[in-house]
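generate coordinates for the sequence data below:
(chains A and B)
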Amino acid sequence: MLQMGTGRKKDNPKIIVIVGPTASGKSDLAVSLAKKFDGEIISADSRQVYKGMDIGTGKIKEEEMKGVPHYLLDVADPKEKFSVAKYKLLAEEKVEEIINKKKLPIICGGTAFYVSAIADGIIIPEVPPDWKLRKKLEELKTEELFNKLKKIDIGRAKKIDEKNRRRLIRAIEIVDKTKKPVQKTRIEQKYNPLFIGIQIEKEKLHERIKRRLDQRLEEGMIDEVMTLNKSGVSWKILEDFGLEYRWIARYLQNKIDYNEMYESLLTDIKKFSKRQMTWWKNDKRISWIKKYKEAEKLIKNNAF
RNA sequence: GCCGCGGUAGCUCAGUGGUAGAGCACUUCUCUGAAAAAGAAGGGGUCGUCGGUUCAAUUCUGACCCGCGGCA
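Presented below is the predicted three-dimensional model:
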């Protein structure tokens, strides 16, 4: 959990932040609120940033936007790596633009890390990924990675998840480039966010997840993945995207049959929604709402 | 009806004469340029039912019940 320091700064520009698990109806809520309060929407979704990934990511359709401008969709090529740092840069630019237009910025998304980058203002160390270095480190055993980090940065080593190779490698990378220990997470709160969370019972959410999955399969989600692959997005990349792209890619490679693809995917989406909630459910700043009207009231009461 | 095989965690299955494990699921959690990613911890079973042998049975044995396959 991040330490907020002085907390919300009253003078900072106000923004709305909508969070909630996948399939909970964030996009619809965002559009309704945007229409009501003259807002514009910035997506905070690590997969919807990619072009050509529409059905599988549940990207909002043109007609569903109802004329409300949406940003940070389709800003990246799936063949190239994207990252929170890039997201933060682009998204903050958009927030500024919207504020300058005297409109209300609404951050809406399911990627907690991305949301946090903006709404909490976490500062990401300015060390771009060095994929050559990472590849080299990848050859080391997990324990060796941990020992290496311990030697060069005992402070970080103490706090890090010592079994998590990806984190270990990143930490080593930062020390390697900056020649300094990894700094404590710093925060620069630029905005005054009002957090609205969509509350939904597990059974109902699972039902929605299944219905949405069936619908998207009918809409041609499998073709979408095939098209991506044909246009040069490797199976490996699709695997890393996770969920729909991972399971459909395995199916298209004949590694599993349709039924296994369907069942595993359904389970994984449910697990994902769970992980999203793990991130948010203990965040005291979030007001959990069940109906649109409650969100509207919240915004009014907070003098937006 | 007979013969064979099986009945162990929610699921698929290991295993042992001294009251049990794995993978997946589930629960809880972590998150410093891959985050739909990558990781961590935890709960859970009167081992089909009722008898017998034994100091001791989930393990051996008998009957029965249930499932699957074969023969009639």
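
tell me the residues of the stretch 101-250 of chain A that contact RNA strand B?
A:110-114, A:122, A:124-129, A:134, A:138, A:156, A:159-161, A:163-167, A:169-170, A:174, A:182-185, A:202, A:240-246 (Cβ under 7 Å from any atom of the strand). Glycine gets a C-beta too; all of them are placed from N, C-alpha and C.

ok, of those residues, which come out buried?
Buried residues within these, counting neighbours by 16 or more other Cβ atoms under 10 Å: A:110-112, A:114, A:122, A:124-125, A:156, A:160, A:165, A:169-170, A:174, A:182, A:241, A:243-246.

out of the residues you listed, which are inside strands?
Counting by DSSP state E, those place A:I122 in strands.

among the buried ones among the residues of the stretch 101-250 of chain A next to RNA strand B, which lie within helices?
Per DSSP state H, helices hold the following members of those: A:A112, A:Y114, A:R156, A:R165, A:I169, A:R170, A:I174, A:F241, A:L243, A:E244, A:Y245, A:R246.

can you tell me which two in those residues are farthest apart?
Pairwise distances across those peak at 34.5 Å for A:R156 and A:E244 (criterion: Cβ to Cβ).

find the closest residue to RNA strand B in chain A.
The nearest approach of chain A to RNA strand B comes at A:G242, 2.3 Å away (Cβ to the nearest atom of the strand).

who's in contact with the closest residue to A:I198 other than its chain neighbours?
Among residues not flanking A:I198 along the chain, A:G20 sits closest, at 3.3 Å (Cβ to Cβ, 6 or more residues apart in numbering). Neighbour list for A:G20: A:K26, A:G110, A:G197, A:I198, A:Q199, A:I200, A:Q276, A:W280 [criterion: Cβ atoms under 8 Å, 6 or more residues apart in numbering].

touching, the second one and A:Q276? I think so.
Which is A:G110. Yes - counting by Cβ atoms under 8 Å, A:Q276 is a contact partner of A:G110 at 6.0 Å.
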